[in-house]
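Participant: Here is my input; please provide its structure:
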Amino acid sequence: MKLVHLAVGLAAFFLAAQAHALSTADVTLGGDEANSAVMGDNHSGFTLVGTQQGVNNGKDPVLTLADGSTISFDITFTADFNKKVDGETGLWALTWTSGQILTADFVVVLDTGDQQATYTFLNVLLDTTGEYADNTYYVSLMKNGDYEKLSKMYLYVGNVAAVPTGGGGNAVPEPATMLLFGTGLLGLAGVARRKQS
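Facilitator: Model prediction:
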């Protein structure tokens, strides 16, 4: 009898774990999967870029970087926010404007009202002006064996940094240049030696 209870308990645990199995492929940005996917709302230290709640409530935040330059973000959603049999899916786009090339970390939070899932994207490259269109999301959160309906979707940004454009540091000479320079010095030494003789 204990073996039956153990088997039933393990089966229930396995089904519960399957119901909340998140995948980094659930949300994409710029054609890439998230670096991590975890349960809960984990956006501490990040700035809200935009939110979707049935209609586009996107913001257009302007962030000021340490060097005084700014970057502006805009987010749009093409999701219909309708519950589907195999989980809800949709598209979203991110556009930005900046005077320089940057990297940034992004956090996407999918919220069903009862549960949240957080997807993190690290070191995303942002040209001076651009767009990541056709990003996707998939709601894999389940409750009592049914897929949950998406209530809200949030996008946060953090760790924005300028990409160095060169001009700093010492140049490293190429081996061929060093060989040519060395050969020239030997030739000059030979000419000087002949003149002395």
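Participant: So what sits opposite the nearest residue to A161 once chain neighbours are set aside in the bridge?
Facilitator: Nearest in space to A161, with sequence neighbours left out and distances taken as CB to CB, 6 or more residues apart in numbering, is T103 at 5.5 Å. The way it works is simple: take the backbone N, C-alpha and C, and place the C-beta from them, glycine included. Following DSSP bridges, T103 is listed with bridge partners L125, A161.
Participant: T103 against D127, yeah?
Facilitator: No - assessed by CB atoms under 8 Å, T103 is found out of contact with D127, at 10.9 Å.
Participant: what residues are up against S23?
Facilitator: Going by CB atoms under 8 Å, 6 or more residues apart in numbering, S23 touches A37, S140.
Participant: which element is H43 on?
Facilitator: Under the criterion of DSSP states H and E, H43 resides outside all helices and strands.
Participant: Please read the previous query as pertaining to A133.
Facilitator: Judged by DSSP H and E, A133 forms part of strand 129-138.
Participant: Output that strand as PDB, restricted to C-alpha atoms.
Facilitator: What follows is strand 129-138, C-alpha atoms only, in PDB (Å, rounded to 0.1, in the frame of the first residue of the first chain):
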ATOM      1  CA  THR A 129      18.700  53.300 -33.900                       C
ATOM      2  CA  GLY A 130      17.000  50.000 -34.600                       C
ATOM      3  CA  GLU A 131      14.200  47.600 -34.100                       C
ATOM      4  CA  TYR A 132      13.800  44.000 -33.000                       C
ATOM      5  CA  ALA A 133      10.500  43.100 -34.700                       C
ATOM      6  CA  ASP A 134       8.600  39.700 -34.700                       C
ATOM      7  CA  ASN A 135       9.700  38.800 -31.200                       C
ATOM      8  CA  THR A 136       7.500  36.000 -29.800                       C
ATOM      9  CA  TYR A 137       6.000  34.900 -26.500                       C
ATOM     10  CA  TYR A 138       4.300  31.700 -25.500                       C
END
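Participant: so what secondary structure elements neighbour that strand?
Facilitator: Secondary-structure packing of strand 129-138 (3 or more CB pairs under 8 Å, 6 or more residues apart in numbering; DSSP states H and E): strand 28-29, strand 89-98.
Participant: Quick one: closest of the ones you listed to V108.
Facilitator: V108 lies closest to strand 28-29 among the helices and strands packed on strand 129-138, at 7.4 Å (CB to CB).
Participant: Could you pull up the contacting residues of the residue sitting nearest the centre point of the chain?
Facilitator: Residue closest to the average C-alpha location in the chain (CA atoms, centre = their mean): F121, at 2.3 Å. Going by CB under 8 Å, 6+ apart, F121 touches L29, D32, A34, N35, D105, F106, V107, V108.
Participant: With that, I have no additional questions.
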